[in-house]
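>>> From the sequence below, what's the structure:
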Amino acid sequence: MLYCLLVSVPRTSLFPPLLLYYPMNPTPDTPIPHSALRTPHSKIDLHTHTTASDGALTPTALLHRAAQVGISTLAITDHDTVAALTEARPVAEALGIRLITGVEFGTNWADAEIHMLGYFFDPDHPQMQRTLADLREGRLERGRHMVEKLNALGLSDVTWERVEQIAAGGSVGRPHVAEALIERGYASTIDEAFSKYLGRGKPAYVERTQITPAECISLVHSAGGVISFAHPTWVTDLETLLPSLVEAGLDGIETYYGLYKPETVAWLEKLARRYNLVPTGGTDFHGRDGLLHADLGSRSVPPECLAELERRAHIL
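Model (predicted):
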């Protein structure tokens with residue numbers, strides 16, 4: 001049985017009333033069904049992936065799926081590439097979906113990898129293009145070294161040629177190596193491949209070319225865009241890290257994300273208010289089995305938050 005809880009906030013707040021669906025008498029370990037993640041709007045998704053990086057759907061297929069689930073505004077945020085835009089733009093226009101320019105960066109801070117989401121930037125900005133090309137080349141080198149490590153572990157039938165075939169010209173990532181492992185029976189899911197071989201500290205893990213969070217923020221701003229901290233709970237010491245990112249010019253923090261529970265959303269909303277950040281969000285939809293991401297259309301960003309993100313990007 002579900003009950004509906006309407007949480008009010010001050011009229012001047014960026015945060016609209018939250019309509020939360022949650023089981024009666026939940027315990028801390030109660031799983032939230034997908035229906036509990038839906039909002040009355042369910043139309044704005046600012047975090048998705050396509051075959052241009054490690055998503056399973058082409059840009060065209062992703063946009064058609066988005067239209068089917070009622071999304072009216074979509075950002076494609078492939079890893080280190082904006083290659084999906086060429087195909088996506090005419091399809092989005094035909095479907096009546098507003099397409100926002102986006103990209104996801106992996107940045108390096110201390111011993112942690114921090115992901116950042118850029119929005120509303122000029123994809124043809126020369127420095128943006130150079131940096132993205134360098135990062136993609138780093139991904140190729142990392143993928144080759146991972147395959148070499150796997151071969152040294154005795155998994156000699158996992159080949160770089162097959163990883164390239166799986167990536168199909170997209171920005172190579174660990175999920176492509178994981179798919180090769182699954183094909184050869186060394187793992188049953190992508191998550192298992194990461195936990196056994198490809199995750200940080202695992203035997204086939206390889207660091208890759210990255211920029212710092214401050215460099216990433218500066219790059220996106222120089223290209224006319226805004227930047228948000230992606231899935232921030234992946235960092236264990238978030239509240240220690242956040243002030244330095246804010247000082248460097250961080251614009252937003254991903255709050256309405258994936259399978260986040262209401263208490264996590266509330267905590268991130270509080271941090272966003274404290275540091276004057278725009279709460280962003282999305283499903284992080286990849287369309288691949290074995291990845292713990294939300295379904296397309298199951299999570300939405302409040303329109304007020306998108307409007308503030310645009311204001312900061314000087315779009316309006």
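
>>> Could I get the full set of helices for this protein?
59-68, 84-95, 126-152, 160-167, 174-183, 190-193, 213-222, 238-248, 262-275, 303-312 (DSSP state H).

>>> which of those helices sits most buried?
For the helices of the chain, the largest average neighbour count (mean count of other C-beta atoms under 10 Å) is found in helix 174-183, namely a mean of 23. Every residue, glycine included, has its C-beta placed from N, CA and C.

>>> State the mean pLDDT of that helix.
For helix 174-183, mean pLDDT is 94.

>>> So what touches it?
54, 143, 146-147, 150, 155, 158-159, 162-163, 166-167, 170, 187-190, 193-194, 197-198, 204, 286, 288, 290-291 (C-beta atoms under 8 Å, 6 or more residues apart in numbering).

>>> still on that earlier bit, could you export the helices of the chain as TSV, including distance to residue 118?
As requested, the helices of the chain are exported to TSV (distance: least, C-beta to C-beta, whole Å):
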stretch	distance to residue 118
helix 59-68	18
helix 84-95	13
helix 126-152	8
helix 160-167	22
helix 174-183	21
helix 190-193	25
helix 213-222	4
helix 238-248	14
helix 262-275	18
helix 303-312	11
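
>>> Would you mind measuring the gap between the ends of stretch 76-95?
Start and end residues of stretch 76-95 are separated by 15 Å (C-alpha to C-alpha, to the nearest Å).

>>> What of stretch 64-74?
Span of stretch 64-74 from end to end, C-alpha to C-alpha: 11 Å.

>>> swap in stretch 244-263?
First-to-last distance for stretch 244-263 - C-alpha to C-alpha - comes to 25 Å.

>>> Quick one: distance of it to the chain centre.
Here the centre of stretch 244-263 is set off from its chain's centre by 12 Å, with C-alpha atoms, centre = their mean, to the nearest Å.

>>> same check, this time on stretch 242-257
15 Å.

>>> Repeat that for stretch 263-279.
From the chain centre to the centre of stretch 263-279 is a distance of 18 Å (C-alpha atoms, centre = their mean).

>>> which secondary element of the protein has the worst mean pLDDT?
Ranked by mean pLDDT, DSSP states H and E, the helix or strand of the chain with the weakest confidence is strand 18-23, at a mean of 32.

>>> Could you list the low-pLDDT ranges of the chain?
1-42, 289-292, 315-316 (pLDDT under 70).

>>> Okay, the nearest residue to residue 85 once chain neighbours are set aside and residue 102: tell me how far apart.
The shortest distance from residue 85 to any non-neighbouring residue, by C-beta to C-beta, 6 or more residues apart in numbering, is to residue 123 (6.0 Å). Separation of residue 123 from residue 102 (C-beta to C-beta, to the nearest Å): 9 Å.

>>> more crowded one of these two?
Between residue 123 and residue 102, residue 102 has the larger neighbour count (other C-beta atoms under 10 Å), namely 25 against 18.

>>> can you tell me which residues contact the more buried one?
By C-beta under 8 Å, 6+ apart, the neighbours of residue 102 are 46-47, 75-77, 117-119.

>>> same thing but at 7 Å, please
Residues in contact with residue 102 (C-beta atoms under 7 Å, 6 or more residues apart in numbering) are 46, 75-77, 117-119.

>>> nearest residue to residue 248 other than its sequence neighbours?
Per C-beta to C-beta, 6+ apart, closest to residue 248 is residue 214, 4.2 Å.

>>> so that neighbour touches residue 249, yeah?
No. Counting by C-beta atoms under 7 Å, residue 214 does not reach residue 249; the two are 8.1 Å apart.

>>> With residue 84 as the reference, measure out to the closest residue to residue 87 other than its chain neighbours.
Among residues not flanking residue 87 along the chain, residue 59 sits closest, at 4.4 Å (C-beta to C-beta, 6+ apart). If you measure residue 59 against residue 84 using C-beta to C-beta, the figure is 4 Å.

>>> rewinding a little: quick one, which of the helices of the chain is nearest to residue 295?
helix 59-68 (9.7 Å; C-beta to C-beta).

>>> quick one: stretch 172-187 to chain centroid distance?
Distance, centroid of stretch 172-187 to centroid of chain: 20 Å (C-alpha atoms, centre = their mean).

>>> Longest strand in the protein, by number of residues?
strand 98-109 (DSSP state E).

>>> what's the angle from it to helix 213-222?
150 degrees (axes from the mean of the first three to the mean of the last three C-alpha atoms, to 10 degrees).
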